[in-house]
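J.: Fold the following and give me the result.
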Amino acid sequence: MAGSPRPAAPEPLDPRGPPPEYHDIPEPRRPRHRTDAGRRRRPHPARRLIGPLVILLTLVPAVLLALRAARGDLGTDPVETLEQQTGIWALRFLLLSLAVTPLRRLAGWNWLVKHRRTLGLAAFGYATVHLLVYFVIDQGLAIGFIVEDIAEHPWVTIGMATWLMLLPLAITSTAGWVRRLGARRWTRLHQLAYLCAIGGALHFTLSVKRDVSLPLVYVAIVALLLGYRLLLRLQRRRRADAAAA
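T.: Predicted coordinates:
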């Protein structure tokens, strides 16, 4: 028909293939399909409980910490205990979110992909509480002392930089931001999570004054997770080179 717009030409395929973890990008809700009998296919009731259960599990450390604070059971230095516990749980949830891809590929646990965002937001939430405890309770919002502390102590500098990198990841964690940025740019932005894991492990290690055995365990976990991703990237590059040859 005259005057009707021509359909847009399809974009050429990128010979390098999809970016790392392209499959983990959150997708907008799709309409539910109907079975031959005309009824909607509903997920198993147990699967519908996984999402709320994951959210509840991310809140358990905060509730237990609040109960300890209400009982006055935070040790001889309650502020230090709050800072340590919120920081450790931020790092734990961040590492759990990064462990989704290895578990999905190695164990076939594809259902974990839907809960990566919850784990990542939990990491950001605990990191934010960790930062607020430091700013408000520890330093009393004394901006001059805070700036001096950030400039003088490397672990404070690294911790602050890590939180600033987590902030855009939390803001752009929705499917709406995937559409705004485009899948490839969104994926590249969220690769900051790898730097956040490195920064979190370094922040923890440098802030410990005596026994660093526990921080080194987290450093090893970060190395394993990032090493696995590096291996996947090398395998993709080899396949791309073999296909182009």
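J.: Helix or strand next in line after the helix or strand hosting Thr157, which one?
T.: Under the criterion DSSP states H and E, the helix or strand holding Thr157 is helix 154-171. Beyond helix 154-171 on the C-terminal side, the first helix or strand identified by DSSP H and E is helix 175-181.
J.: so who does Thr58 touch?
T.: Thr58 sits next to 93, 118-119, 122, 125 when contact means C-beta atoms under 8 Å, 6 or more residues apart in numbering. C-beta coordinates here come from the backbone N, C-alpha and C atoms, glycine included.
J.: now do 6 Å
T.: Going by C-beta atoms under 6 Å, 6 or more residues apart in numbering, Thr58 touches Ala122.
J.: for the record, mean pLDDT for the top helix by length along the chain?
T.: Among all segments of the chain classified by DSSP state H, the helix with the greatest residue count is helix 213-244. Helix 213-244 shows an average pLDDT of 89 in the prediction.
J.: coming back round to it: tell me which residues in the helix holding Thr157 are buried?
T.: Along helix 154-171, the positions that meet the burial threshold by neighbour count (16 or more other C-beta atoms under 10 Å) are 156-160, 162-163, 165-166, 169-170.
J.: From the rest of the structure, what touches it?
T.: Outside helix 154-171, the residues touching it (C-beta under 6 Å, 6+ apart) are 121, 124, 127, 131, 149-150, 190, 192, 195-196, 199-200, 202-203, 206-207.
J.: could I get that helix in CSV with only the CA atoms?
T.: Coordinates of the C-alpha atoms in helix 154-171 are reproduced here as CSV (Å, rounded to 0.1, in the frame of the first residue of the first chain):
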residue,chain,number,x,y,z
PRO,A,154,42.7,3.1,52.1
TRP,A,155,40.0,0.6,53.3
VAL,A,156,37.6,3.5,53.8
THR,A,157,38.5,4.9,50.4
ILE,A,158,37.9,1.5,48.8
GLY,A,159,34.7,1.0,50.7
MET,A,160,33.3,4.3,49.6
ALA,A,161,34.2,3.7,46.0
THR,A,162,32.6,0.3,46.1
TRP,A,163,29.3,1.7,47.4
LEU,A,164,29.3,4.4,44.7
MET,A,165,29.7,1.6,42.1
LEU,A,166,26.8,-0.4,43.6
LEU,A,167,24.5,2.6,43.5
PRO,A,168,24.0,2.7,39.7
LEU,A,169,23.6,-1.1,39.6
ALA,A,170,20.8,-0.9,42.2
ILE,A,171,19.1,2.0,40.3
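J.: among the helices and strands of the chain, which has the poorest mean pLDDT?
T.: Each helix and strand of the chain was given a mean pLDDT (mean pLDDT, DSSP states H and E); the minimum falls on helix 45-48 at a mean of 69.
J.: Now, of the contacts of helix 154-171, which are buried?
T.: With neighbours counted using 16+ other C-beta under 10 Å, the contacts of helix 154-171 contain these buried positions: 121, 124, 127, 131, 149, 190, 192, 196, 199-200, 202-203, 206-207.
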